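Participant: Just a sequence and a predicted model for now, questions to come.
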Amino acid sequence: MFMVSATAPRDIIQAAADALTFLDPSPAAAVDTKEESRTLWRIDAYTMDFDSAHGCAGIIELVDSSLNPVVTELEDKDWVAVSLEGLPAVEAGPFIVAGAHELAKGHPGKIPLWIEAGPAFGTGHHGTTAGCLLALENHARKRKLGKVFDVGTGSGVLAIGAIKRGATFAIASDLDAESVRVAKVNADNNNVANKIKVLQAVGARNRLIQTNAPYDTIFANILAKPLIGLSGDLARLLKPGGVVILSGLLTFQEPSVRGAFSGRGLKLVDRIRRDGWSTLVYQKPKAKPEPVKIDVKDDVAALIKALESGDMNALKAFDGFEDA
């Protein structure tokens, strides 16, 4: 694995991240940005091979001539797990996300989510996962979570959190086979495997996903470009009155994502920003009730009949007629 890094003012780094994120196909397997100091930000792009790494470096250099990306070859190890070793538990609203060793210390009053460090994304330490958990809690306080669909589930943490917060059933999908395996293990460890169906699928057009629609709650913690591409499918899968919780986008990517989902007739009802990342919550309008059909012709005929017969009880049924 290779890492391509560069530092510059925030606007330049965001432009570089945007260039790598929205390129299809992108030479970067993952892109991360972080604040280095008051004036400088850093971009880290990860690739699986040498050629892709230098492709990323070339794209970064094209964004701004001041950028000087450095390519570093990483040791062959699970860098996600290594980076998370020894990290403290993460609290997000009523949830606490941690490995078994940390959870064994006891956290009274918290909803424990047992997630070990591993290759699947979603341990709570990233701003997107924490933002989704906070949005989940905000949503759960207002309405029932009902049936859940979690696209790009990673570790399964959001689907697991939803079940523990009262959701009735969840389908969790990911295109990565290893993430699917890990999510199944995590669902079992958290004693919710009987309420979560984990499957490998690309996007949202899998037959099982479609046949279980509509969903009361949908999670999509992926990246900005896939979110935009999925906007139509997610809007169709969402139940009237239900919400879709979106993340995986940097704050400067909000306008394009908001445009895509607002264009599907959904209403923005919540937004959480954390560590440079945004979580957006959209609600689908409730279906309008069918208008009550009144047969005016029949009402007029009944009124005439009551007048002709002098039936006062019948007349009282019509507005404006009362006992003398």
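Facilitator: Arrived safely, thanks for sending.
Participant: Do you have the helices of the stretch 101-250 of the chain handy? List them.
Facilitator: Counting by DSSP state H, counting those that start in this stretch, the stretch 101-250 of the chain has helices at residues 127-142, 157-164, 177-189, 207-211, 224-237.
Participant: The stretch 1-150 of the chain: strands as residue ranges?
Facilitator: 2-8, 30-35, 41-47, 70-73, 90-92, 95-98, 111-114, 147-151 (DSSP state E, counting those that start in this stretch).
Participant: Mean pLDDT added to those, as CSV?
Facilitator: Output for those, formatted as CSV (pLDDT from 0 to 100):
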stretch, mean pLDDT
strand 2-8, 92
strand 30-35, 78
strand 41-47, 88
strand 70-73, 92
strand 90-92, 79
strand 95-98, 86
strand 111-114, 88
strand 147-151, 97
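Participant: Adding distance to residue 57 and mean neighbour count, write those strands out as a markdown table.
Facilitator: Yep, even glycine has a C-beta here, placed from its N, CA and C like the rest. Rendered in a markdown table, the data for the strands of the stretch 1-150 of the chain read as follows (distance: least, Cβ to Cβ, whole Å; neighbours: other Cβ atoms under 10 Å):
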| stretch | distance to residue 57 | mean neighbour count |
| --- | --- | --- |
| strand 2-8 | 5 | 21 |
| strand 30-35 | 13 | 16 |
| strand 41-47 | 8 | 21 |
| strand 70-73 | 6 | 12 |
| strand 90-92 | 32 | 19 |
| strand 95-98 | 34 | 24 |
| strand 111-114 | 37 | 20 |
| strand 147-151 | 31 | 27 |
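Participant: picking that back up, of the helices of the stretch 101-250 of the chain, which stretch is the most buried?
Facilitator: With neighbours defined as mean count of other Cβ atoms under 10 Å, the helices of the stretch 101-250 of the chain peak in mean count at helix 157-164, which reaches a mean of 29.
Participant: tell me what that helix is packed against?
Facilitator: If you count contacts as 3 or more Cβ pairs under 8 Å, 6 or more residues apart in numbering; DSSP states H and E, helix 157-164 packs onto strand 111-114, helix 127-142, strand 147-151, strand 169-174, helix 177-189, strand 196-200, strand 215-221.
Participant: mind checking which of the helices of the stretch 101-250 of the chain is nearest residue 269?
Facilitator: Within the helices of the stretch 101-250 of the chain, the stretch nearest residue 269 is helix 127-142; the backing value is 8.8 Å (Cβ to Cβ).
Participant: Tabulate the CA atom coordinates of that closest one in PDB.
Facilitator: Taking only C-alpha atoms (Å, rounded to 0.1, in the frame of the first residue of the first chain), the coordinates of helix 127-142 have been written out as PDB:
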ATOM      1  CA  GLY A 127     -16.400  12.200  12.000                       C
ATOM      2  CA  THR A 128     -18.800  10.700   9.500                       C
ATOM      3  CA  THR A 129     -19.700   7.700  11.700                       C
ATOM      4  CA  ALA A 130     -20.000   9.800  14.800                       C
ATOM      5  CA  GLY A 131     -22.100  12.300  12.900                       C
ATOM      6  CA  CYS A 132     -24.500   9.500  11.700                       C
ATOM      7  CA  LEU A 133     -24.900   8.200  15.200                       C
ATOM      8  CA  LEU A 134     -25.800  11.600  16.500                       C
ATOM      9  CA  ALA A 135     -28.300  12.000  13.700                       C
ATOM     10  CA  LEU A 136     -29.700   8.600  14.500                       C
ATOM     11  CA  GLU A 137     -30.400   9.700  18.000                       C
ATOM     12  CA  ASN A 138     -32.000  12.900  17.000                       C
ATOM     13  CA  HIS A 139     -34.200  11.000  14.600                       C
ATOM     14  CA  ALA A 140     -35.100   8.300  17.200                       C
ATOM     15  CA  ARG A 141     -36.300  10.900  19.700                       C
ATOM     16  CA  LYS A 142     -38.900  12.200  17.200                       C
END
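Participant: Many thanks, have a good one.
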